[in-house]
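A.B. asks: have a look; sequence and predicted model below, questions after that.
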Amino acid sequence: MKNKAFKTYIYGLLALLTCSTQFTYASHNTDSIDTAVSTGFKLKTIVIDAGHGGRAGGASGAYSMEKNVTLALALKLQQAVQKELKDVNVLMTRTSDIYVQNGLRADMANENKANIYISLHCNALPNVRRVVNGRSVSVPNHTGRGVLLLVNRIGRSNEQVAAIRENEYAEIEATYSSRKEKTPDPAQAMILNAFRDKFRKQSIRLASLVNNEFVDTDGRRTLGVIEQGVEVLANTAMPSILVETGFIDNPEEEDYLNSDAGQAEIVNSIVRAIKQYKHELEQTAQ
């Protein structure tokens, strides 16, 4: 009876998931969303991750390092979100120049039941081979330009499903099913995959909104929204994006990334995107 009741609950929850707020995408420029239904959902917690830190300096330019730029951006983004979205709790993976393992960053977001995870980074291109004085040498490539938005590739879904099981799904599993069961239940797999697919769609939607703000408001060049296997995103049990804010090894973009004006533009664009994303998730269908 317990298994039957559990399966009934799971299939019912799966039906609710398919009817809840969902997004469709034709490309990173598509802003259309499916009709939303009232779920009572409220965006309560955002985790902001300043990429790298401590001994992990990340990419570097002529005079700056990625870990310092991302920290400056993260602290300003924290302040902006707290000012613009007073009902949202903001958590930081780091607030100083310390090293935090990628797994611990995801753990923080999962343990605090975050609704959004945003990881800030700077991009760089690898060296290229050039012929100089008849010899092939490795030289820096400073031609990179523009922003890039990454979401976790579905190929790393096993890691995300495991994270969802431990967070979104743990209370359901503990209440309605025995943890001693050794045979995987197809109903459990269905609900976990439904959560994963929902988070993937919402990640793409949030990334698209951020990308559009960079382009339409700031006039930045974009490399688009790309699904890619990213360790820092793979273990998060919520919609998660990684923002490559610019190429730190491009002299022009390095100046922009380190300037007060450039950092303000980046932060304000992300905040506007979060506000729109929050509104879409919380809206009630007419």
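C.D. replies: Cool, got the structure.
A.B. asks: list the buried residues for stretch 116-129?
C.D. replies: Residues of stretch 116-129 classed as buried by neighbour count (16 or more other CB atoms under 10 Å): I116, Y117, I118, S119, L120, H121, C122, N123, A124. C-beta coordinates here come from the backbone N, C-alpha and C atoms, glycine included.
A.B. asks: inside strands: which ones of those residues?
C.D. replies: If you go by DSSP state E, these have I116, Y117, I118, S119, L120, H121, C122, N123 in strands.
A.B. asks: re the thing from before, how about the buried residues of stretch 116-129, which pair is most distant?
C.D. replies: Within the buried residues of stretch 116-129, two members stand farthest from each other by CB to CB: I116 and A124, at 25.9 Å.
A.B. asks: between the ones in strands among the buried residues of stretch 116-129, which is closest to L91?
C.D. replies: Among those, and counting by CB to CB, the member closest to L91 is Y117, at 9.6 Å.
A.B. asks: ok, now which ones touch that closest one?
C.D. replies: I46, V47, D49, A106, A109, L233, T236, M238, P239, S240, I241 (CB atoms under 8 Å, 6 or more residues apart in numbering).
A.B. asks: what's the distance between it and M108?
C.D. replies: The gap separating Y117 from M108 is 9 Å, by CB to CB, to the nearest Å.
A.B. asks: before we move on, what about K275?
C.D. replies: 23 Å.
A.B. asks: over to C122?
C.D. replies: 22 Å.
A.B. asks: follow-up on the earlier one: who's more crowded, K275 and M108?
C.D. replies: More crowded of K275 and M108, by other CB atoms under 10 Å: M108, with 19 against 16.
A.B. asks: other SSEs contacting the helix or strand containing the more buried one?
C.D. replies: Using DSSP states H and E, M108 maps to helix 102-111. Contact analysis of helix 102-111 by 3 or more CB pairs under 8 Å, 6 or more residues apart in numbering; DSSP states H and E lists strand 45-50, strand 116-123, helix 157-166, helix 231-234 as its packing neighbours.
A.B. asks: buried residues in it?
C.D. replies: In helix 102-111, counting by 16+ other CB under 10 Å, buried: N102, R105, A106, D107, M108, A109, N110.
A.B. asks: would you turn the residues you listed into a markdown table with distance to I270?
C.D. replies: Formatted as a markdown table, these follow (distance: CB to CB, whole Å):
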| residue | distance to I270 |
| --- | --- |
| N102 | 21 |
| R105 | 18 |
| A106 | 20 |
| D107 | 23 |
| M108 | 19 |
| A109 | 17 |
| N110 | 22 |
